[in-house]
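Student: make a model of this:
(2 chains)
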2 protein chains.
Amino acid sequence: MDVTVAIDCMGGDRGAEVTVPAALEFLKSDPGVTLILVGLSEAIDAQLRQAGVKPGSRLQVRYTTEVVAMDEPPATALRNKKDSSMRVAVDLVKEGAANACVSAGNTGALMAIARFVLKTLPGVDRPAIASILPTLKGQACMLDLGANVDCTAEHLLQFGIMGSELVASLENKDRPTVGLLNIGQEDIKGNEVVKRAAELLRTSGLNFHGNVEGDDIYKGTTDVVVCDGFVGNVALKASEGVAQMFATYLRAEFNRNLLSRMSAFFALPVINALKRRLDHRRYNGATLLGLRGIIVKSHGSADVFAFGFAIRRAAEEARSAVLAHISARLASLQKSVA
Amino acid sequence: MDVTVAIDCMGGDRGAEVTVPAALEFLKSDPGVTLILVGLSEAIDAQLRQAGVKPGSRLQVRYTTEVVAMDEPPATALRNKKDSSMRVAVDLVKEGAANACVSAGNTGALMAIARFVLKTLPGVDRPAIASILPTLKGQACMLDLGANVDCTAEHLLQFGIMGSELVASLENKDRPTVGLLNIGQEDIKGNEVVKRAAELLRTSGLNFHGNVEGDDIYKGTTDVVVCDGFVGNVALKASEGVAQMFATYLRAEFNRNLLSRMSAFFALPVINALKRRLDHRRYNGATLLGLRGIIVKSHGSADVFAFGFAIRRAAEEARSAVLAHISARLASLQKSVA
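Tutor: Numbers count the residues shown, from 1 in each chain, chains lettered A, B, ... in the order given. Just a heads-up that it's a prediction; the model follows:
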């Protein structure tokens, strides 16, 4: 299926230097995709010139005059930057000129703009940030990862529905299992919101597994892990912290002395295989889920390789009918409640 | 300084099989410690016979008739098991017969019994579970790790004070830095409780660093990391999950084929050094902090080596004047507020 993805070329720590080369690379790998590069003309043109590429039918350019800064307050970005690359990329989705949009910019601003421009799907109170994480069994989808610091049980139920439909659409899984992140498996564990959310999830028609704990995320106990944005953000960043510590100490131990440096030579293929397997860049691209349009947020520090995965995620979601599935599921749930 | 530690020999997945050998091992390493083995006579005696050791002045035995099961509801354990090894070990601290107690049993039951028997320190509303974690700069103390699923800003302030005094006492640090776990470093981030806690911590006289994020735990950004028990528990278990995934995949890659198995031979010293460095068993032993007595909780699955670290933690805390320091700090804070 042919899809068009709008790319906010100015977002991220390195802007067009990363986003444009990643876009050009991706164009080659996916013949069914059209990309719209959105951003300042000088930044985009410099990259296209450098790559010796000219815009065409599959590579369109949409110049804008403004940029949302990485530390700009979301309200300011929303009110004052109507010709920013971020805003215009989202507008293109709204207008139907693009099927999805990717940005490595300021998460708060992207969420504010996307909510304002696209609105939420019927039955969704709040969009959530969903990401795919590696597990011992493959991968899992976790949400919310930071959009909502306070959630009601109903919000958590909606996250469960959205996550389940995302996995069903992208991975062709019939009834993905859904786990509720808690501090124990027993029903009596957790706070009141989580206990009530478990009740709602149990009668939702989803394939609800029950409570899961922090380590279950990476054991791959369930296909979807549901939590509020505070807990999800802390858990995700703590995980990144552990992985970095592990990698740093592994490097330090291999560099300790001549013998260990020699052993590194022998172990290199193994270490590289491990790196490939757990490379966080392959999991780059979080979905702002629950909006009337597909918005994928790349990590701000993404490199060309990582940003390519975020574009791929946007294209895959645009090809899946994930938003229609979420809407249908929410509508049927509301009918059964009414 | 001579200290006496009571050991609940029946707690943990393997009970006396692990706890008694760990106690005997620890006795040899610390000539200033007296241990009281608490538990069923048949279980303790079998282990002592096997080791060819007889009780004496530094190795005392206190027989009990009951055991708190690992899945027993805390309320039942508290009400009905007055002669359990767990209860009697805590009673020994209360009576002053022991300076500290260690148990690998059921966390909920241990907390309920310890709160009931010992009561909290003046100025402490709720005890917290504090643990030491490895970081890129050394180690950090994190609390709460699961005792309190709902916390007020005042509770988080008290956790900050308790954690700070624990680190100051154990590591001889003058003014340990304290971080508040949040989803961003800016003051506007987080929920209302966390924002208010930041205000309280800022005027508390503690060395408050400000907000920290999940990855800061392992970067070692602060000496103490404060959070509610829900967030702390999820973050800790997610971290364990990542570490296990990393270790499993590393093993799988080294076992992939003949060549990788050969490289494992060369890399073994490095892998072992890394294991030693990050061995979670060396960090075994969480403190139930805020009680009028020192209670250390070992992981239920601890082996002899790991349980020994929990005993060491109890002895170290008994030697430090940590409880007096916490009380003094809380009293001075209340005076300054009044």
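
Student: gap between the closest residue to residue A:78 other than its chain neighbours and residue B:82?
Tutor: The shortest distance from residue A:78 to any non-neighbouring residue, by CB to CB, 6 or more residues apart in numbering or on different chains, is to residue A:112 (4.8 Å). In this view, the C-beta of every residue, glycine as well, is placed from N, C-alpha and C. According to CB to CB, to the nearest Å, residue A:112 stands 58 Å off from residue B:82.

Student: then residue A:28?
Tutor: From residue A:28 across to residue B:82, the span is 74 Å (CB to CB).

Student: so which of these two has more stuff around it?
Tutor: Using other CB atoms under 10 Å in any protein chain shown as the criterion, residue A:28 and residue B:82 rank with residue B:82 on top: 14 against 7.

Student: phi, psi of residue A:221?
Tutor: Backbone torsions for residue A:221, taken as degrees, to the nearest 10, come to phi -60, psi -40.

Student: from memory it sits against residue A:212, does it?
Tutor: Yes: between residue A:221 and residue A:212 a contact is recorded at 5.2 Å, counting by CB atoms under 8 Å.

Student: between these two, which has more neighbouring residues?
Tutor: residue A:212 (26 against 21).

Student: residues touching the more buried one, list them.
Tutor: Residue A:212 makes contacts with A:179-182, A:185, A:221-222, A:225, as judged by CB atoms under 8 Å, 6 or more residues apart in numbering or on different chains.

Student: quick check on the residue nearest to the spatial centre of chain A: phi, psi?
Tutor: Taking CA atoms, centre = their mean, the centroid of chain A lies closest to residue A:286, which sits 0.6 Å from it. Here is the backbone geometry of residue A:286 (degrees, to the nearest 10): phi -100, psi 140.

Student: what is the burial count for the closest residue to it other than its chain neighbours?
Tutor: Spatially, and ignoring its direct neighbours in sequence, residue A:286 is nearest to residue A:131 (4.2 Å; CB to CB, 6+ apart). For residue A:131, the neighbour count with other CB under 10 Å is 22.

Student: got it, and residue A:43?
Tutor: Residue A:43 sits with 20 neighbouring residues when counted by other CB under 10 Å.

Student: now do the helices in chain A.
Tutor: For chain A, the helices defined by DSSP state H cover A:16-29, A:41-51, A:74-80, A:85-95, A:107-118, A:153-171, A:192-202, A:214-219, A:229-254, A:258-278, A:304-319, A:322-337.

Student: now mean pLDDT too, for those helices, in TSV please.
Tutor: As requested, those are exported to TSV (pLDDT from 0 to 100):
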stretch	mean pLDDT
helix A:16-29	97
helix A:41-51	97
helix A:74-80	93
helix A:85-95	98
helix A:107-118	96
helix A:153-171	95
helix A:192-202	95
helix A:214-219	96
helix A:229-254	91
helix A:258-278	78
helix A:304-319	96
helix A:322-337	83
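
Student: so which of the ones you listed is nearest residue B:248?
Tutor: Closest of these to residue B:248 is helix A:214-219, at 9.4 Å (criterion: CB to CB).

Student: can you give me the offset of the closest one from its chain's centre?
Tutor: Offset of helix A:214-219 from its chain centre (CA atoms, centre = their mean, to the nearest Å): 19 Å.

Student: which other residues reach it?
Tutor: With contact meaning CB under 8 Å, 6+ apart, helix A:214-219 is reached by A:133-137, A:140, A:142, A:179, A:181, A:222, A:225, A:235, A:239, B:233-242, B:244-245.
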